[in-house]
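Got a sequence here, can you build the structure:
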Amino acid sequence: MVTKKMTMAQALLKFLDNQYISFDGEEIKFVQGVLGIFGHGMVVGLGEALESGDHGLKFIQGKNEQGMAHIAMGFAKQKNRRQIMAVTSSIGPGALNMVTAAGTATANRIPVLFLPSDAYASRQPDPVLQQIEQTYDYNVTANDAFKAVSKYWDRIARPEQLMTAAINAMRVLTDPADTGAVTLCLPQDVQGEAFDYPVEFFEKRVHYIQRRDIDPVILEKAAALIASKKKPFIICGGGVKYSDAAKELAAFTETFKIPFGETQAGKGAVLFEHPMNMGGAGLTGASAANQLAQEADLIIGIGTKLNDFCTCSKWLYQNDDVSMLTINLNSFDAYKMNSLPVIADVKLALEGLSKVLKEKGYQSAYTNEITEARQEWDQEVDRLYAIENENGLAQSRILGELNEKLIENNGIIVAASGSLPSDVQRVWRCRDEGVYHVEYGFSCMGYEVAAAVGVKLAEPDREVYVLLGDGSFNMLHSEFLTSLQEQIKINVILLDNHGFQCIHNLQRSQGIPSFGNEYRKREKETNRLTGDYLAVDYAMVARGYGGNGYSAKTVEEITEAFAKLKKSEVSSIVDIKTLPGTMTDGYNAWWRVGTAQVSAHPSVESAARDIQEHVAKARMY
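Take a look at the predicted model:
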């Protein structure tokens, strides 16, 4: 056996540099680079290996560990999970800063490789700086926190363990049914330890993404179920995008006259002009989709995990005769809500079902309901886009200006938390492929700016627009500086509505007085945050970093800012002062929340009783 003496860290990078995937005959390099923030736990180990250059991986310096991991996730998501980046940190606080991002990746089924440094495997210098010691189990370190949010977790305590760990990491990262965060913990001493690795370990390795065809027996059962129903309704999830099945879904819905609604992950797979596209479905959905879903006698979930926003806490499907059918590679998702599970690739499943249903001569029994529901919703969106308010700019009006006039059809929007994801799922009209990038599986505040850097890395020839509120911006925007350092232009559209207005709306909707959600000054008399709104100039933040910053309070000022933004060669922030509480809300939807059943406020107890009435109408499983 031919071997080569290398440190574990050097061997890891050389291995990663030679990983490829093959999907539908197209071969592509899988791992594109490494993002990191150096610390004593890895600068002389993995840091040395990165610097030595015996690999083709690009290194990007992060500014916050969570932020740099969001860059990696944004990149992988925009690449439809066919290319990834790794992220690395020192031990202790640096590693723990990445746990939230790992949870975000796993919740959204996006592959990201986490390489947190770890305490000494030898234990000789213990306790080393930044090490956590547990008296009940000395094997536990801070990195054990990644176990709950990883799809695969390992600790490389000896350099030869790298080989099985790395191959298992690739197994999960390239698995379309079971991907997410993969964590390989790297003890800081082992990173620099040498081993005679077999040369064949570093040879080019191609991971074939295999499409799983639909089983003939299940195909007949699924086709028979559809054929027995008059008014089916489809939920289009992210799996449609990842399977490259948009054309098949569009053709399937049009052929059999079956309307569909979109999840956050599935939105934009089929463009909004398609006659069967009813828009967002669920709590943050459109009236068209939710009205038809309520009345449907069959719900077909395609590539979706059917979370509570999608199903309105299992309340949305009100037809007494409704059945559930799911098409999903992930059996865990396919079995949800007592569905008939079709565990198969979306594209192949739709092709198979289409053939059988054509042979049966199937057509849904819809008459004019689809057209009427869509026309009514289009008129409502036009109304929301045109709202005038003498006190300032409504959020829906701002989105209308952006969607209809200022952002080009192939411009990519990035959003993640607060009321903006709700609004864009409802009203954003996707007119090109790959333009809708919203993280809502984890609703992680602070994702947006960092992820936009990753999206721009994935799509360097398209403009990328971050849509976020001031609440999320203040959570995490450090990678705006990374965008300037790497000369990766992003456009941050910040809607300053003075705090956490999404949750403020939820709070008040449950009868609770306004408390602790707005950016107000503390008043001495009440000792509460009930004073004037804080006056913050977010445009100045951009200029302070070395980017461009523009302020706007009117439609005209937004238009002027965009004219400058589009000419800019560096990242910019447009600070738009937005009327609080002007997001869209409610369209044949309900969400179950844990409202207090006993309260000093009668309005709260009333809201709790209302919840129980809706719970009685929801499905139990």
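
and V346, how many residues sit next to it?
28 (other CB atoms under 10 Å). Yep, even glycine has a C-beta here, placed from its N, CA and C like the rest.

Could you tell me how far it is located from D537?
V346 sits 47 Å away from D537, going by CB to CB, to the nearest Å.

what's the answer for E523, then?
As judged by CB to CB, E523 and D537 stand 23 Å apart.

Also G392?
Here G392 is placed at a distance of 17 Å from D537 (CB to CB).

host element of G301?
Element membership of G301 [criterion: DSSP states H and E] is strand 298-302.

buried set for the next helix-or-strand element following that strand?
Per DSSP H and E, the first helix or strand lying C-terminal to strand 298-302 is helix 308-311. Neighbour counts using 16 or more other CB atoms under 10 Å place F309, C310, T311 of helix 308-311 among the buried residues.

Stretch 598-610 now?
S599, V604, E605, A607, A608.

Can you give me the pLDDT of the residue nearest in space to the middle of the chain?
Closest to where the C-alpha atoms of the chain average out (CA atoms, centre = their mean) is E439, at 2.3 Å. Looking at E439, its pLDDT is 97.

Same question for D17.
Looking at D17, the pLDDT reads 98.

For stretch 233-242, the averaged confidence score.
For stretch 233-242, mean pLDDT rounds to 98.

Endpoints of it, how far apart?
One end of stretch 233-242 sits 21 Å from the other (CA to CA, to the nearest Å).

how far is that stretch from where the chain is centred?
Relative to its chain's centre, stretch 233-242 lies at 14 Å (CA atoms, centre = their mean, to the nearest Å).

which residues sit against it?
Stretch 233-242 has contacts (CB atoms under 8 Å, 6 or more residues apart in numbering) with 80-81, 108-109, 176, 245-246, 249, 253, 258-263, 265-270, 281, 289, 292-293, 296, 298-306, 310, 327-329, 346.

And the strands in the stretch 101-250 of the chain?
Residue ranges of the strands in the stretch 101-250 of the chain, as given by DSSP state E, counting those that start in this stretch, are 112-118, 152-155, 181-187, 194-198, 205-208, 232-236.

how about CSV for the ones you listed, with distance to Q612 added?
Listed next are the strands of the stretch 101-250 of the chain as CSV, based on distance: least, CB to CB, whole Å:
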stretch, distance to Q612
strand 112-118, 40
strand 152-155, 40
strand 181-187, 37
strand 194-198, 62
strand 205-208, 50
strand 232-236, 27
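
Could you save the ones you listed as a markdown table and add columns showing mean neighbour count?
Shown next, in a markdown table, are the strands of the stretch 101-250 of the chain (neighbours: other CB atoms under 10 Å):
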| stretch | mean neighbour count |
| --- | --- |
| strand 112-118 | 29 |
| strand 152-155 | 20 |
| strand 181-187 | 28 |
| strand 194-198 | 15 |
| strand 205-208 | 14 |
| strand 232-236 | 30 |
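
so which of these gets nearest A76?
Closest of the strands of the stretch 101-250 of the chain to A76 is strand 112-118, at 6.2 Å (criterion: CB to CB).

Could you list the alpha-carbon positions for the closest one in PDB?
What follows is strand 112-118 as a C-alpha-only set of coordinates in PDB (Å, rounded to 0.1, in the frame of the first residue of the first chain):
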ATOM      1  CA  VAL A 112     -23.000  22.200   5.700                       C
ATOM      2  CA  LEU A 113     -19.800  20.600   7.000                       C
ATOM      3  CA  PHE A 114     -18.900  21.900  10.500                       C
ATOM      4  CA  LEU A 115     -15.300  21.500  11.700                       C
ATOM      5  CA  PRO A 116     -15.200  22.900  15.300                       C
ATOM      6  CA  SER A 117     -11.900  22.500  17.100                       C
ATOM      7  CA  ASP A 118     -12.000  20.500  20.300                       C
END
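
re the thing from before, the residue nearest to the centre of the chain reaches N108, doesn't it?
Yes: under the criterion of CB atoms under 8 Å, E439 makes contact with N108 at 6.0 Å.

what's the overlap in contacts for those two?
Shared contacts of E439 and N108, defined by CB under 8 Å, 6+ apart, are found at M73, K77.

The closest residue to E486 other than its chain neighbours sits in which helix or strand?
Ranked by CB to CB, 6 or more residues apart in numbering and with sequence neighbours excluded, the top spatial neighbour of E486 is I60, at 6.2 Å. I60 belongs to strand 58-61 when assigned by DSSP H and E.

Name the residues that touch stretch 537-551?
So stretch 537-551 is contacted by 470, 473, 477, 480-481, 483-484, 492, 494, 496, 557, 560-561, 564-565, 568, 570-575, 577 (CB under 8 Å, 6+ apart).

hmm, try it at 7 Å
If you take CB atoms under 7 Å, 6 or more residues apart in numbering as the criterion, stretch 537-551 is touched by 470, 473, 480-481, 484, 494, 496, 561, 564-565, 568, 570-575.

Make a ChimeraX selection of the buried ones in these.
Buried residues within those, by 16+ other CB under 10 Å, are selected in ChimeraX with:
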select :470,473,480,481,484,494,496,561,565,571,572,573,574,575
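
Name the nearest residue to I71, ignoring sequence neighbours.
Closest to I71 by CB to CB, 6+ apart is G454, at 4.1 Å.

Pull up the gap between that neighbour and V2, please.
To V2, G454 is 38 Å away according to CB to CB.

which one of these two has more residues nearby?
Between G454 and V2, G454 has the larger neighbour count (other CB under 10 Å), namely 31 against 7.

Could you check the angle whichever strand or helix holds the more buried one makes with strand 112-118?
Here G454 sits within helix 447-458, counting by DSSP H and E. Helix 447-458 runs at 110 degrees relative to strand 112-118, counting by axes from the mean of the first three to the mean of the last three CA atoms, to 10 degrees.

could you say what helices and strands the one helix or strand I493 maps to packs with?
I493 belongs to strand 491-496 when assigned by DSSP H and E. Contact analysis of strand 491-496 by 3 or more CB pairs under 7 Å, 6 or more residues apart in numbering; DSSP states H and E lists strand 464-469, helix 470-475, strand 572-577 as its packing neighbours.

ok, and what's touching that strand?
395, 398, 402, 420, 449, 463-470, 473, 480, 536, 538, 565, 572-578.

Direction included, what does it pair against?
Strand 491-496 pairs in its sheet with strand 464-469 (parallel), strand 572-577 (parallel), by DSSP bridges.

Now find how far off-centre the helix or strand just after that strand is within its chain.
Next helix or strand after strand 491-496 toward the C-terminus (DSSP H and E): helix 501-509. Chain-centre distance of helix 501-509: 22 Å, with CA atoms, centre = their mean.

go on, stretch 551-558?
Taking mean C-alpha positions (CA atoms, centre = their mean), stretch 551-558 and its chain are 29 Å apart.

Please put the alpha-carbon coordinates of it into PDB.
Provided in PDB are the C-alpha atoms of stretch 551-558 (Å, rounded to 0.1, in the frame of the first residue of the first chain):
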ATOM      1  CA  SER A 551     -32.000  56.500   3.700                       C
ATOM      2  CA  ALA A 552     -35.600  56.700   2.400                       C
ATOM      3  CA  LYS A 553     -39.000  57.700   3.900                       C
ATOM      4  CA  THR A 554     -40.900  58.000   0.600                       C
ATOM      5  CA  VAL A 555     -41.400  56.000  -2.600                       C
ATOM      6  CA  GLU A 556     -39.400  58.700  -4.500                       C
ATOM      7  CA  GLU A 557     -36.500  58.400  -2.100                       C
ATOM      8  CA  ILE A 558     -36.500  54.600  -2.400                       C
END
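
Show the pLDDT at T526.
In this model, T526 carries a pLDDT of 89.

What separation do you get for it and L481?
38 Å.

what's the longest helix belonging to the chain in contact with?
The single longest helix within the chain, with elements called by DSSP state H, is helix 369-385. Contact with helix 369-385 is made by 259, 276, 278-279, 286-288, 291-292, 396-397, 400, 404, 427, 584, as judged by CB under 7 Å, 6+ apart.
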